[in-house]
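# Output the structure for:
(one chain, ligands or ions: 1)
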Amino acid sequence: MKYRKDLKDMPSYDGVERDYRIKVNANECNLNLPPLVEERVLSRLSRIAFNRYPNYEYDALREQIARNFSVDKEQILIGGGSSEIIEKLFYAFGGSDSHKIVYPQPSFSMYKIYAKAAEAQPVPFDLDDKYDIDVDKFIAAVNDNEAALAVVCNPNNPTGNVLSIDEIEEIAKNVKCAFLVDEAYVEFYGKSSVNLIKKYPNLIVARTFSKAYGLAGARVGYMIARSEVTDMIAKTYMPYHMNTLSLATADIVYQMRDEFVPRIQMMIAERKRISEQLQKLNGVKVYPSSTNFVLMKYDKAVALNEHLESLNIGVRSFGAAPRLENCLRISMGTRAENDECFNVIKNFVQP
Ligand SMILES: Cc1ncc(COP(=O)(O)O)c(C=O)c1O
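Now for the predicted structure:
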């Protein structure tokens, strides 16, 4: 078989999926759509023109998002999850080994894979001992490498910590290349970099409907940037890349986003509650999080993960992954799910 060059050596996404009884391994929302939203989505879907390409629905969602951020419709691109947004962005800035993409490590594991897929050169930048980015060193790494694209994940997955908007501005101002801020978890942090786009033409923000808006199954994400940037990135998409069902669903969800506020607040409260409880356990270290998940470190994390799995509870274990040794990432589920997961951990750690 004559596959594409380097495909065999391409790393695969390292997440293992299983239908757990308590599934807190993928930072999803564990509640389905609020009933009122679901009703409106189903009613909208019953009126879909299945025979037509999705022109109208694409523009309607773009316009709605643009209005919310007070930007032009042309500044918004919609993709199949923020995954497609990031993949296409990397493709747009890649294409040659001399095009370097600098991204934090540890962070979202797909950055490396997308950089390789885009035939760019991946350049990981090490977070410090607290998993923070040293902003000056990051800027220096980006500029010294003459990077084509710099990336940060804010808040960062899987560590949960954040850069302030001032720090993001400092990076946007000083890097001599395009700068992507991946805001997949921003609704749990509450501070977005989008307003900086007015000031910094190199800034690009990626967002998703998969986390706070519980729409991981529909695969919808979007990016916001200057229109000269979106015009270029748009060239990497095929025509009609988004399907009408997902666009119409996301359109209703976005119209009704106020319905999601109580559950976002609930997840933030649960994150605080579970972090505090875990922190009290002997030998457990919990990292500060501004997301819908908590990262904990514990000497016997691998055995603890096996125990959780035996009870059909799925958390994300990082095993021996560099800089994440003995770390478990636990997404916030419902209060009952979080309680059960915590109690299993507690009884394992302090039998
Ligand atoms: C930091 C980050 N960015 C992007 C994504 C991709 O999400 P989606 O494609 O569902 O929007 C994820 C998913 O876990 C993520 O953690």
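
# which residues are there in this protein that come within reach of the ligand?
Within reach of the ligand by Cβ under 6 Å from any ligand atom, the chain has these residues: 27, 81-83, 108, 153, 157, 182, 184, 208, 210, 216, 221. Placement of C-beta: from N, CA and C, glycine included.

# what about the helix or strand hosting Tyr58, average pLDDT?
Tyr58 belongs to helix 55-69 when elements are defined using DSSP states H and E. Predicted confidence along helix 55-69 averages 96 (mean pLDDT).

# Same check on stretch 98-111?
pLDDT averaged over stretch 98-111 equals 97, rounded to a whole number.

# Give the buried residues for that stretch.
Buried residues in stretch 98-111, defined by neighbour count with 16 or more other Cβ atoms under 10 Å: 99-111.

# which among the residues you listed gets closest to Lys297?
Proximity to Lys297 was ranked across the buried residues of stretch 98-111 by Cβ to Cβ; first place goes to Pro106, at 12.2 Å.

# Help me confirm that that closest one comes into contact with Leu324.
Yes: the pair Pro106 and Leu324 qualifies as a contact (Cβ atoms under 8 Å) at a distance of 5.2 Å.

# which residues are in contact with both of these two?
With contacts taken as Cβ atoms under 8 Å, 6 or more residues apart in numbering, the residues that reach both Pro106 and Leu324 are Pro158.

# does Ile101 sit in a helix, a strand or a coil?
Here Ile101 is strand, with the state taken from DSSP: H, G, I helix; E, B strand; the rest coil.

# where's it relative to the ligand, distance?
Going from Ile101 to the ligand by Cβ to the nearest ligand atom, to the nearest Å gives 15 Å.

# residue contacts, that residue?
90, 93-94, 111, 115, 118, 120-123, 147-151.

# can you check Ile233 too?
For Ile233, the residues meeting the contact criterion (Cβ under 8 Å, 6+ apart) are 77, 88-89, 92, 223, 225.

# same thing but 7 Å
Taking Cβ atoms under 7 Å, 6 or more residues apart in numbering, we find Ile233 in contact with 77, 88-89, 92.

# Output the residues you listed as CSV; include the columns pLDDT, secondary structure and neighbour count.
Shown next, in CSV, are these (pLDDT from 0 to 100; DSSP: H, G, I helix; E, B strand; the rest coil; neighbours: other Cβ atoms under 10 Å):
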residue, pLDDT, secondary structure, neighbour count
Leu77, 98, strand, 28
Lys88, 98, helix, 22
Leu89, 98, helix, 29
Ala92, 98, helix, 21
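
# re earlier: looking at the contacts of Ile101, which two lie furthest apart in space?
The most widely separated members of the contacts of Ile101 are Ala118 and Ala150, with 14.6 Å between them, by Cβ to Cβ.

# These two: which has the busier surroundings?
Ala150 (30 against 25; other Cβ atoms under 10 Å).

# Could you double-check that that one lies in contact with Phe179?
Yes: Ala150 sits in contact with Phe179 when judged by Cβ atoms under 7 Å, with a separation of 4.8 Å.

# Least confident secondary structure element in this protein?
Among the helices and strands of the chain, helix 110-117 carries the lowest confidence by mean pLDDT, DSSP states H and E, at a mean of 94.

# just the CA coordinates of that helix, formatted as PDB?
Output in PDB follows, covering the C-alpha atoms of helix 110-117 (Å, rounded to 0.1, in the frame of the first residue of the first chain):
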ATOM      1  CA  MET A 110      -3.500  16.900  19.500                       C
ATOM      2  CA  TYR A 111      -1.400  20.000  18.900                       C
ATOM      3  CA  LYS A 112       1.600  17.800  18.100                       C
ATOM      4  CA  ILE A 113      -0.400  15.500  15.900                       C
ATOM      5  CA  TYR A 114      -2.000  18.400  13.900                       C
ATOM      6  CA  ALA A 115       1.400  20.000  13.500                       C
ATOM      7  CA  LYS A 116       2.800  16.800  12.000                       C
ATOM      8  CA  ALA A 117      -0.300  16.300   9.900                       C
END
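
# Tell me the helix or strand right after that helix.
Under the assignment DSSP H and E, the closest C-terminal helix or strand after helix 110-117 is strand 121-126.

# Name the next helix or strand downstream of that next one, please.
Elements were assigned by DSSP H and E; along the chain past strand 121-126, the next helix or strand is helix 135-144.

# buried residues in that next one?
Applying a neighbour-count criterion of 16+ other Cβ under 10 Å, the buried positions in helix 135-144 are 135, 138-139, 141-142.

# Cheers, nothing more for now.
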